[in-house]
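Visitor: I need the structure of the sequence given here:
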Amino acid sequence: MFATQELRNEHEGILIMLNVIEKIATDLKTGKAANLDHLDKIIDFLTTFVDKCHHGKEEDLLFPALVKAGVPNEGGPVGVMLAEHTQGRTYIKAMKDALNLLHTGDVEAQILFADAALGYVFLLRDHIAKENNVLFVMAENRLSPEEHTILAAGFKKIEDERIGAGVHEQFHALLDQLKDLYL
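Guide: Down below sits the predicted model:
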C-alpha cells in the first residue's frame with residue numbers, strides 16, 4: 001500500500017468538514033446565528049487535525065521525500081502546496097479572530113467568519129484535488145515501496161506525537177456529529 005493512501009483517506013474527512021463549514025458560512029451570510037461551540041470545535045479540527053497532523057505529515061515527510069526524488073520545490077508542485085498551506089493558515093487565523101469577536105457578542109463578525117471560512121473551503125477543495133490527482137500520483141510513481149513504508153511509519157509517529165492516541169477517532173466522531181446536524 002502507498003503511504004499516500006492514508007493522506008487520501010484523511011482528505012475524505014477534511015472534505016466532509018469543508019461541506020459543514022460551507023453550510024455554516026452560508027447560513028451566517030443570511031444572518032442565521034451560529035453555534036459557537038460548533039465553531040470552536042471546527043477551529044480545533046482545522047488547527048489540530050488538518051494543520052498540525054495532516055499538513056505536518058506532508059511538510060515534514062512527504063514533500064522532502066518528493067524533493068529528494070527530483071520533484072521541484074521552488075516553482076514546482078511542492079512549492080505550490082506549501083504556499084497553499086500558508087494561505088490556509090491565514091484563513092484559519094481570520095476565522096479564529098472573527099470567532100473571538102463572536103464570543104464577545106459582536107454579531108457583525110459573522111460575515112468576517114463566513115468570508116474567511118468560504119475562502120478556506122474553496123482553497124482547500126482545490127488543494128486536495130491537486131494533491132490527490134497530481135502530487136500523490138507523483139509520489140506513487142517516484143517513491144519506492146520501502147520509502148512508502150518509511151513514510152507510513154513516520155505518519156504514525158507524527159499523529160501519535162502531535163495529536164495523541166485516540167484523538168483521530170474523536171475527530172471522526174465530531175465529523176459524524178456535525179455531518180448529521182448540518183448536511
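Visitor: now do the SS call for whatever residue is furthest in space from the centre of the chain.
Guide: Taking Cα atoms, centre = their mean, the residue of the chain most remote from its mean C-alpha position is residue 105, at 27.9 Å. The three-state label given to residue 105 by DSSP: H, G, I helix; E, B strand; the rest coil is coil.
Visitor: who are the contact partners of it?
Guide: Residues counted as contacts of residue 105 (Cβ atoms under 8 Å, 6 or more residues apart in numbering): none. In this view, the C-beta of every residue, glycine as well, is placed from N, C-alpha and C.
Visitor: neighbours around residue 10, how many?
Guide: Look at residue 10: counted by other Cβ atoms under 10 Å, it has 21 neighbours.
Visitor: what about it, which helix or strand?
Guide: helix 4-29 (DSSP states H and E).
Visitor: now do the next helix or strand after that helix: which elements does it pack against?
Guide: Proceeding N to C from helix 4-29, the next assigned helix or strand is helix 36-44, under DSSP H and E. Identification of packing neighbours for helix 36-44 by 3 or more Cβ pairs under 8 Å, 6 or more residues apart in numbering; DSSP states H and E yields helix 4-29, helix 77-103, helix 167-182.
Visitor: what would the helix or strand just after the longest one look like as CSV? C-alpha coordinates only.
Guide: Okay, so that is helix 77-103. Proceeding N to C from helix 77-103, the next assigned helix or strand is helix 109-130, under DSSP H and E. Extracted in CSV, the C-alpha atoms of helix 109-130 (Å, rounded to 0.1, in the frame of the first residue of the first chain):
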residue,chain,number,x,y,z
ALA,A,109,-18.2,39.3,13.0
GLN,A,110,-20.4,36.6,11.4
ILE,A,111,-19.7,38.0,8.0
LEU,A,112,-15.9,38.1,8.7
PHE,A,113,-16.0,34.5,9.8
ALA,A,114,-18.1,33.5,6.8
ASP,A,115,-15.9,35.2,4.3
ALA,A,116,-12.7,33.6,5.8
ALA,A,117,-14.4,30.2,6.0
LEU,A,118,-15.6,30.3,2.4
GLY,A,119,-12.1,31.4,1.2
TYR,A,120,-10.7,28.4,3.1
VAL,A,121,-13.2,26.0,1.8
PHE,A,122,-12.6,26.9,-1.9
LEU,A,123,-8.8,26.9,-1.4
LEU,A,124,-8.7,23.6,0.3
ARG,A,125,-11.1,21.8,-2.1
ASP,A,126,-8.8,22.8,-5.0
HIS,A,127,-5.7,22.0,-3.0
ILE,A,128,-7.0,18.5,-2.1
ALA,A,129,-7.8,17.8,-5.8
LYS,A,130,-4.3,18.8,-6.8
